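> what follows is a predicted structure for the sequence shown.
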Amino acid sequence: MLAHEVLRAAADVVRAGLSHGAAAARDADGAEVALYGPAVGGTSRVGINPNATRFSAYGAVAKVLAGPGAAGVAAASMWIRLADLAKAKASARPGGTNHTHPLVQFNADEGRTAEDVIALLLEAADALAPVAS
């Protein structure tokens, strides 16, 4: 899986349910839950919380990256692209007394919709997709 595919898959995760605000994950009732849960597959590798059904932009990307198809994804440029896009669109800017990551702040902005989050993820995916020649 390539970075742009991770972001498109994350957009699908958000389509299934957005965690509004700064919470990375929420359960089916809308209560905030930890993004990560117990170890999976008989290993010590922590997995995504099985109670999480709604995800923020960050949580959705983390969910996709935790899946088996995402092993080996070069994610650094993906996170940088997301941070840059979110910083340009978020209401507050990181720094000073606000140490929130721009992607978390973008998701937490008042009135932010699932469509806004999906558009951001797809914009980043388009920017990272290889250009056909």
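Sure, I can see it.

> which parts of the chain are helices?
Assigned by DSSP state H, the chain shows helices spanning 3-16, 57-65, 76-89, 102-108, 114-128.

> list the helices and strands the longest one packs on?
This points to helix 114-128. With contacts taken as 3 or more CB pairs under 8 Å, 6 or more residues apart in numbering; DSSP states H and E, helix 114-128 sits against helix 3-16, helix 57-65, helix 76-89, helix 102-108. C-beta: built from backbone N, CA, C; applies to glycine.

> winner for burial among these?
Among the helices and strands packed on helix 114-128, judged by mean count of other CB atoms under 10 Å, the one packed with the most neighbours on average is helix 57-65 (a mean of 25).

> quick one: distance of that one to the chain centre.
In terms of CA atoms, centre = their mean, to the nearest Å, the centre of helix 57-65 is set 4 Å apart from its chain centre.

> cool, stretch 108-121 as well?
11 Å.

> now do stretch 78-86
Its chain's C-alpha centre and that of stretch 78-86 lie 11 Å apart, by CA atoms, centre = their mean.

> who's in contact with that stretch?
For stretch 78-86, the surrounding residues in contact (CB atoms under 8 Å, 6 or more residues apart in numbering) are 3-4, 6-7, 57, 61, 101-103, 105-106, 120-121, 123-124, 127-128.

> coming back round to it: adding distance to R45 and mean pLDDT, write the helices and strands packed on helix 114-128 out as CSV.
What follows is the helices and strands packed on helix 114-128, written out as CSV (distance: least, CB to CB, whole Å; pLDDT from 0 to 100):
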stretch, distance to R45, mean pLDDT
helix 3-16, 18, 96
helix 57-65, 12, 94
helix 76-89, 20, 88
helix 102-108, 23, 87
